[in-house]
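>>> sequence plus the predicted model coming up.
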Amino acid sequence: MTSGSPAAIVTTKVTGTVMGIGRRVITLLQGVKDNAAPAAPAQVPDTVRSEIDYLQFEVSRLRSIVRHLAADRINTFPIERDTRDSFDYQWSDTPDGDWTKSRPELKERERNSVRSFSRLPDEWFQGKQALDAGCGSGRWSWALASLGCAVTAVDQSMAGVQHTKTACSEFANKVTVFQHDLTKPLPLADRSFDLVWSFGVLHHTGDTYGSFRNIARLVKPGGYIFLMLYAEPNSNDPGGFDYYVEVERLRRATAGMDLKERYDYIEKVKGADAGGWFDAASPGINDTYPLHEIETWLWQEGFREFGRADHPNHHIVARLLQPK
């Protein structure tokens, strides 16, 4: 890439924007520190509260820019390989993989969740084509098939693929499962699914937006997409900051361990909740997003009629009414 090429010019401009945001963030941090506001949120002066909110917005914008810049490079980073290996271990060597035996109650729970999150009546699912994009161990594939859908399920982990096939064996040829990396276009026809379902997956790919576009193109006109993505913490939900600080502490404490040691450590610290904490802390890529950014993606791809669940994370269903 030469210094005068269009790519170099764009990179220089974006880098300048990122550096400018970084300088403003540092200035604001120093200002907040100098104000030494009381710890209780109700006592924080309005001017300091505005500075804190503005700081959060700037950091959020900076993160968004950096993610887009890194999207085509992150597959070479150690954290990307660590993320893939972590999920492969989770599906092959922990109770989360063989969930039909370790937690059979999830069948009815996930079936009810599909009904609730999609906001669709039971009769709608009969005979519909559904894609489970990032099927993991097959919980959502099973739920969609049990409601009457013909399901295509994909996951980057071969352990996940095998567990999904086992979990859905009762549905015979109604469920098709194969391995695929969602950061690459899927070998499936455009506009071929009535429902594209992706629960807690895209934010682990390193290219959430690119992966989203790869699956959004598969929704039929009038069809639906459902996404669960991690929510960026904000001042309206202080508990979100506490949670992600704990996630990062666990990630750093276990960085020098192999995956079994990592799981054992988290199990010792978190007990019966080890599976959920391992899922959050072990993968190196674990991106969070503000709601408006996800809604912008959906709107630009022609989705309308957004529905959201009352949940700390983003559970969004939308209908394709203006396909591109």
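Yep, that arrived. Residues are numbered from 1 along each chain as shown.
>>> how near is the most centrally placed residue in the chain to Arg115?
The residue lying closest to the centre of the chain (Cα atoms, centre = their mean) is His203, at 3.0 Å. His203 sits 24 Å away from Arg115 when distances are taken as Cβ to Cβ, to the nearest Å. For glycine as for every other residue, the C-beta is placed from the backbone atoms N, C-alpha and C.
>>> over to Phe87?
Taking Cβ to Cβ, one finds Phe87 at 27 Å from Arg115.
>>> ok, the two, which is more surrounded?
A count of neighbours by other Cβ atoms under 10 Å puts Phe87 above the other of Phe87 and Arg115, at 24 against 16.
>>> quick check, pLDDT for that one.
At Phe87, the model reports a pLDDT of 95.
>>> now Thr27
Reading off the per-residue confidence, Thr27 sits at a pLDDT of 63.
>>> quick check: which element contains the nearest residue to Ser64 once chain neighbours are set aside?
With sequence-adjacent residues excluded and distances taken as Cβ to Cβ, 6 or more residues apart in numbering, Ser64 is closest to Glu293, at 6.3 Å. With secondary structure defined by DSSP states H and E, Glu293 is part of helix 291-300.
>>> go on, Ser198?
Element membership of Ser198 [criterion: DSSP H and E] is strand 193-199.
>>> next helix or strand past that strand?
Heading C-terminal from strand 193-199, the first helix or strand you meet, by DSSP H and E, is helix 208-216.
>>> circling back: who touches the strand holding Ser198?
Strand 193-199 has contacts (Cβ atoms under 8 Å, 6 or more residues apart in numbering) with 114, 118, 128-134, 140, 144, 149, 152, 215-216, 218-220, 223-228.
>>> again, 7 Å this time
For strand 193-199, the surrounding residues in contact (Cβ atoms under 7 Å, 6 or more residues apart in numbering) are 128-134, 140, 144, 215, 218-220, 223-228.
>>> same thing with stretch 276-290?
Outside stretch 276-290, the residues that touch it by Cβ under 7 Å, 6+ apart are 60, 67, 79-80, 82-83, 86-87, 90, 203-204, 206, 208, 229-232, 247, 250-251, 262-263, 266, 270, 314.
>>> pull out the buried members of these.
Neighbour counting by 16 or more other Cβ atoms under 10 Å classes 60, 67, 80, 82-83, 86-87, 90, 203-204, 206, 208, 229-232, 247, 250-251, 262-263, 266, 270, 314 among the contacts of stretch 276-290 as buried.
>>> which helix or strand contains the residue lying closest to the residue nearest to the centre of the chain once chain neighbours are set aside?
Of all residues not flanking His203 in the chain, Asp287 sits nearest, at 4.4 Å (Cβ to Cβ, 6+ apart). If you go by DSSP H and E, Asp287 is not part of any helix or strand.
>>> now the helices for the stretch 1-150 of the chain?
Ranges of helices within the stretch 1-150 of the chain are 6-35, 46-70, 78-93, 99-102, 106-118, 122-125, 139-146, based on DSSP state H, counting those that start in this stretch.
>>> the residue nearest to Leu188 when sequence neighbours are not counted and Phe199, how far apart?
Excluding the flanking residues, the one nearest Leu188 by Cβ to Cβ, 6+ apart is Leu218, at 5.8 Å. Taking Cβ to Cβ as the criterion, Leu218 is separated from Phe199 by 16 Å.
>>> rewinding a little: ok, now which ones touch the residue nearest to Leu188?
131, 186, 188, 190-193, 196.
>>> pretty sure the residue nearest to the centre of the chain contacts Met228?
No - with contacts counted by Cβ atoms under 7 Å, His203 stays clear of Met228, the gap being 8.9 Å.
>>> which sections of the protein are below the confidence cut-off?
Filtered on pLDDT under 70, the chain yields the residue ranges 1-44.
>>> still on that earlier bit, of the helices of the stretch 1-150 of the chain, which approaches Gly240 most closely?
Taking Cβ to Cβ, helix 46-70 is the member of these nearest to Gly240, at 11.1 Å.
>>> show me what the closest one is packed against.
In terms of contact count using 3 or more Cβ pairs under 7 Å, 6 or more residues apart in numbering; DSSP states H and E, helix 46-70 is assigned the packing partners helix 6-35.
>>> so what's Glu261 closest to, chain neighbours aside?
Distances taken as Cβ to Cβ, 6+ apart place Thr254 nearest to Glu261, at 7.4 Å, with adjacent residues excluded.
>>> surely the one you found and Tyr263 touch.
No - checked against Cβ under 7 Å, the pair Thr254 and Tyr263 is beyond contact range at 8.8 Å.
>>> quick check: phi and psi at the closest residue to Asp237 other than its chain neighbours.
Leaving aside its chain neighbours, Asp237 sits nearest to Pro312 (6.3 Å; criterion: Cβ to Cβ, 6+ apart). The phi and psi torsions at Pro312 (degrees, to the nearest 10) take the values phi -60, psi -30.
>>> perfect, I'm done here.
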